[in-house]
Structures are given as structure tokens and as C-alpha cells.
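Asks: The sequence isn't on hand, but the structure is:
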């Protein structure tokens, strides 16, 4: 992983990557993003499904 080409961190972390152990820190940030993004996406999909199901089951006389 080339730290000059592929940086996902802020400038403070990016400078410390070059000084020591930058490969491990870069890969750990990428791994954490790879775990967090699908979890947030799944939560968003669940919320959208709940809203759609609630709208289908809502009695029109109770709608505002």
C-alpha cells in the first residue's frame, strides 16, 4: 500500500504514517471503513423498509 497514493486519514495521521508503521495504520483504517459502511447501510435499509411497511399498513383516516 503506497501511503503517498492512497491516503484516507487527516494530515496529522498521514504525517505519522510516514514516520513509522504507516502500512499497518493505513490498512487498519481501511478495514474499519470496510466494516462500518456495510453496517450503516444495513441499518438504513432496515429503516426504509420499516417506513414503507408502516405506510402500507396505515389506515387513511389517521393520516395527517
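Replies: Everything's here; your move. What you see is a predicted model, and the numbers here were worked out from it, not measured in a lab. Numbers count the residues shown, from 1 in each chain.

Asks: I'd like to know how far residue 51 sits from residue 31.
Replies: Residue 51 sits 32 Å away from residue 31, going by CB to CB, to the nearest Å. C-betas here are computed from N, CA, C, even on glycine.

Asks: avg pLDDT for whatever helix or strand residue 28 lives in?
Replies: Following DSSP states H and E, the helix or strand that holds residue 28 is helix 22-57. Within the predicted structure, the mean pLDDT of helix 22-57 is 90.

Asks: And it, what does it pack against?
Replies: When contacts are defined as 3 or more CB pairs under 8 Å, 6 or more residues apart in numbering; DSSP states H and E, helix 22-57 packs onto helix 11-19.

Asks: Straight-line length of stretch 54-63, end to end?
Replies: 11 Å (CA to CA, to the nearest Å).

Asks: Buried residues of it, list them for me.
Replies: In terms of neighbour count (16 or more other CB atoms under 10 Å), stretch 54-63 has no buried residues at all.

Asks: Make 677 the first number, not 1, from now on.
Replies: Understood, numbering begins at 677; the last thing we discussed is stretch 730-739.

Asks: which residues are contacting that stretch?
Replies: Residues lying outside stretch 730-739 but in contact with it, judged by CB atoms under 8 Å, 6 or more residues apart in numbering, are absent altogether.
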